[in-house]
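Chemist: Sequence first, predicted coordinates after that:
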Amino acid sequence: MTELIPAPRSIVSGSGEVRLTAHSQLYADTGTQGVGHWLRTALRQATGLPLREGREPGDAGGDGIGLQLDPGLGPEEYRLVSDGNGVLIEGGSPAGVFWGAQTLRQLLGPDAYRRAPLGRDRAWAVPYLTIRDAPRFRWRGLMLDVARHFMRKDDVLRCLDLMAAHKLNVFHFHLTDDQGWRIQIERHPRLTEIGSWRARTKTGHRASPLWEEKPHGGYYTQDDIREIVAYAAERHITVVPEIDVPGHSQAAIAAYPELGNTDVIDTTALSVWDTWGINPNVLAPTDNTLRFYEGVFEEVLELFPSEFVHVGGDECPKDQWRRSETAQARIRELGLADEDELQSWFIGHFDAWLTARGRRLIGWDEILQGGLAKGAAVSSWRGYAGGIAAARAGHDVVMCPEQQVYLDHRQDPGPDEPVPIGWVRTLEDVYRFEPVPPELTPEEARHVLGTQANVWTEVMEDPARVDYQTFPRLAAFAEVAWSVLPAPAERDFAGFERRMTAHYRRLDALGVAYRPPAGPLPWQRRPGVLGRPIDGPPPHR
Ligand code: ACM
């Protein structure tokens, strides 16, 4: 059972196995008790074994599990040794031990992912082996868009469990957009009272003629957010919140019309957007807007301890600013050349604001337009170019090119894909994705913090659709983000597919509605207009 995903740096197999029994103990040394708690809970559920607490390292015995820190290892590095002394997982930090615990769960077989024992007599065995492992990148991200379709808190927590099982460690939480505002902000209650609901929703691609004629919405209370952040932290996942400015803001403007360009349109007539695409209704570059969003970010900083805070910054059409006397006056007053520089000034304001509070701004690569804000990091989504330019200018980068790792894009050229949009990106395409472009020198490449897969949900109305689009491709992505792989053309995709055979059984045990290798199941298909491939840009373009 060593078909591990993502693949570790090295495995040396021995002969023999550690058998976990009712007598097996789990000893968690100083600093690893959190991981011990997680592992005991997960394995008790699946195996029914008590895994009593050992009190000293020796207690674990030949059939136990020991967890401890080894300061000689890198922060996320771990070593897992299974031999006559039992299973010992050592990590350079609790995170390293946690990733080792994830590997142990894979070694125990797919049933180790179940939430109750199957009631049959069975052996829980870990083959004798030594695994040494460490991630390639420190940012191994998944972005989930809960604005286009709201995802209930329980499903978000499940998503964090699935990330942890794949050794992903950054959850980019896309909380606000034109179609919904999903986080409670106490000082601006209308953001969720008004901004979290839309009256109806375009069904499928924006070119589809169909509507779902019922309200859609929801939001997370601040306690929900605290719970999500804490649950993620227990899994060594950082939650990076995204609050979009100055574009993708119609839901906020619908709630507070004074945030929009009131001298150009009647913003009181706007409602939360019910279709997809790039929205012209953007924030007005006024002091009132800045103060409003400073208030939003103050509450956001209290909830999210993450170093990085994402401010969006993508797809901000400048038409209203061109027509707005207020925006034009601001351009003159600041001595700016044009509307692109106004956007840069807007982002720069929040960059300075966040920096003064010990945080760092990250935004989509459009924040490069009109000059990159000092200290800002970039999510490179329109290909690699933004990331290359940013890295060369000394800014940190997360590579998430839409051509490669946008998981809303169809995953097969066949006629049955239920989300028939965007480019075809198969499991193999994702497996051959390389986050560091060859154009970067080794020095510049150090600015690539890592990579991220993005799940935009315009055409994913429920968690089952999200599962279908996300899996199995997230498994390939996880290997790209974690493992040290050869150049794309040399990667052993056949070997990965063989390991996926075991991984599908894990996903089955977890209840993930992935795309089966042979194509969608009958209930996963979407007939008629919705099932017809749309040639052209994905719905957010
Ligand atoms: C994006 O896909 N607009 C970041």
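Modeler: Perfect, I can see it now. Residues are numbered from 1 along each chain as shown.
Chemist: who are the neighbours in contact with Glu53?
Modeler: 25-28, 36, 40 (Cβ atoms under 8 Å, 6 or more residues apart in numbering). C-beta coordinates here come from the backbone N, C-alpha and C atoms, glycine included.
Chemist: The same query, at a cut-off of 10 Å, please.
Modeler: 25-28, 33, 36-37, 40, 59 (Cβ atoms under 10 Å, 6 or more residues apart in numbering).
Chemist: now these: which count as buried?
Modeler: 25-28, 36, 40 (16 or more other Cβ atoms under 10 Å).
Chemist: possible to save those residues as JSON lines with secondary structure, pLDDT and distance to the ligand?
Modeler: Listed next are those as JSON lines, based on DSSP: H, G, I helix; E, B strand; the rest coil; pLDDT from 0 to 100; distance: Cβ to the nearest ligand atom, whole Å:
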{"residue": "Gln25", "secondary structure": "strand", "pLDDT": "95", "distance to the ligand": "48"}
{"residue": "Leu26", "secondary structure": "strand", "pLDDT": "96", "distance to the ligand": "43"}
{"residue": "Tyr27", "secondary structure": "strand", "pLDDT": "96", "distance to the ligand": "46"}
{"residue": "Ala28", "secondary structure": "strand", "pLDDT": "97", "distance to the ligand": "40"}
{"residue": "Gly36", "secondary structure": "helix", "pLDDT": "98", "distance to the ligand": "39"}
{"residue": "Arg40", "secondary structure": "helix", "pLDDT": "98", "distance to the ligand": "40"}
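Chemist: nearest spatial neighbour of Gly74, skipping sequence neighbours?
Modeler: Nearest non-adjacent residue to Gly74, counting by Cβ to Cβ, 6 or more residues apart in numbering: Gly92, 4.8 Å away.
Chemist: so that neighbour touches Arg132, yeah?
Modeler: No. Assessed by Cβ atoms under 10 Å, Gly92 is found out of contact with Arg132, at 11.7 Å.
Chemist: what sits in contact with each of these two?
Modeler: 73, 77-79.
Chemist: What about these, which are in strands?
Modeler: Those of the shared contacts of Gly92 and Arg132 mapping onto strands are 78-79, per DSSP state E.
Chemist: Compare the shared contacts of Gly92 and Arg132 and tell me which has the most neighbours.
Modeler: Tyr78 (29 neighbours; other Cβ atoms under 10 Å).
Chemist: Just the element for the closest residue to that one other than its chain neighbours, please.
Modeler: Using Cβ to Cβ, 6+ apart and skipping residues adjacent in sequence, the residue nearest Tyr78 is Gly100, 3.5 Å away. Following DSSP states H and E, one finds Gly100 within helix 94-107.
Chemist: what's downstream of that helix, the next helix or strand?
Modeler: Next along from helix 94-107, by DSSP H and E: strand 124-133.
Chemist: CA-only coordinates of that next one in PDB, if you can.
Modeler: Extracted in PDB, the C-alpha atoms of strand 124-133 (Å, rounded to 0.1, in the frame of the first residue of the first chain):
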ATOM      1  CA  TRP A 124      -4.400  -2.500  10.200                       C
ATOM      2  CA  ALA A 125      -0.800  -2.900   9.000                       C
ATOM      3  CA  VAL A 126       2.000  -0.500   8.000                       C
ATOM      4  CA  PRO A 127       4.700  -2.200   6.000                       C
ATOM      5  CA  TYR A 128       8.200  -1.800   7.300                       C
ATOM      6  CA  LEU A 129       9.700   1.200   5.400                       C
ATOM      7  CA  THR A 130      11.500   4.500   5.800                       C
ATOM      8  CA  ILE A 131      10.000   7.600   4.000                       C
ATOM      9  CA  ARG A 132      11.800  10.900   3.800                       C
ATOM     10  CA  ASP A 133       9.800  13.700   2.500                       C
END
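Chemist: re earlier: correct me if wrong: the residue nearest to Tyr78 contacts Leu67.
Modeler: Yes. Gly100 is in contact with Leu67 according to Cβ under 10 Å; the separation is 7.9 Å.
Chemist: Overlap in contacts, these two.
Modeler: With Cβ under 10 Å, 6+ apart as the test, Gly100 and Leu67 both reach 32, 35, 39, 78, 87-91.
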